[in-house]
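Peer 1: build me a model from this:
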Amino acid sequence: MKNITTLLLFILSGFFFSAMAATDTLKVKTSAICKECKERIETRLSFTKGIKSAALDLKTKEVTVIYNSEKIKPEEIKTAITRSGYDADNLPADKKAYDKLPKCCKKGGPE
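Peer 2: Predicted coordinates for the structure are as follows:
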């Protein structure tokens, strides 16, 4: 009985530590301008597999993403942002997505 309990504790602690090790944080500079941009980016990222949370700071235009590094890579996160119509660090916004943005969310819009 003692061996089984020890084995179960060992297995459960392995799951716990592997889940903790897979979580990482990424900060990405965006071309977001307003609250609509913030909502659009955060919503897009919240529905992206492997992302646990995303929060955009409009003052710095930087989105902080907490993600599972075993399920998604930083470049894939940046691509998801560009597919929302916004630049992501050195990656330009997807043209089709950018063209669909409201005028207030396009570069040169109200700041």
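
Peer 1: tell me where this protein has helices.
Peer 2: With DSSP state H, the ranges of helices along the chain come out as 2-21, 35-46, 74-82, 95-100.

Peer 1: show me what the residue nearest in space to the middle of the chain is bridged to.
Peer 2: Computing the C-alpha centroid of the chain and ranking residues by Cα atoms, centre = their mean puts Val65 first, at 4.0 Å. Under the criterion DSSP bridges, Val65 forms beta bridges with Leu26, Ala54.

Peer 1: in contact with it, which residues?
Peer 2: Taking Cβ atoms under 8 Å, 6 or more residues apart in numbering, we find Val65 in contact with 25-28, 45, 51, 53-54, 77. Glycine gets a C-beta too; all of them are placed from N, C-alpha and C.

Peer 1: so can I have TSV of those showing neighbour count, pLDDT and distance to Tyr86?
Peer 2: Formatted as TSV, the contacts of Val65 follow (neighbours: other Cβ atoms under 10 Å; pLDDT from 0 to 100; distance: Cβ to Cβ, whole Å):
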residue	neighbour count	pLDDT	distance to Tyr86
Thr25	11	97	19
Leu26	18	97	15
Lys27	11	98	15
Val28	23	98	9
Leu45	22	97	11
Ile51	20	97	16
Ser53	12	96	18
Ala54	23	97	12
Ile77	20	98	12
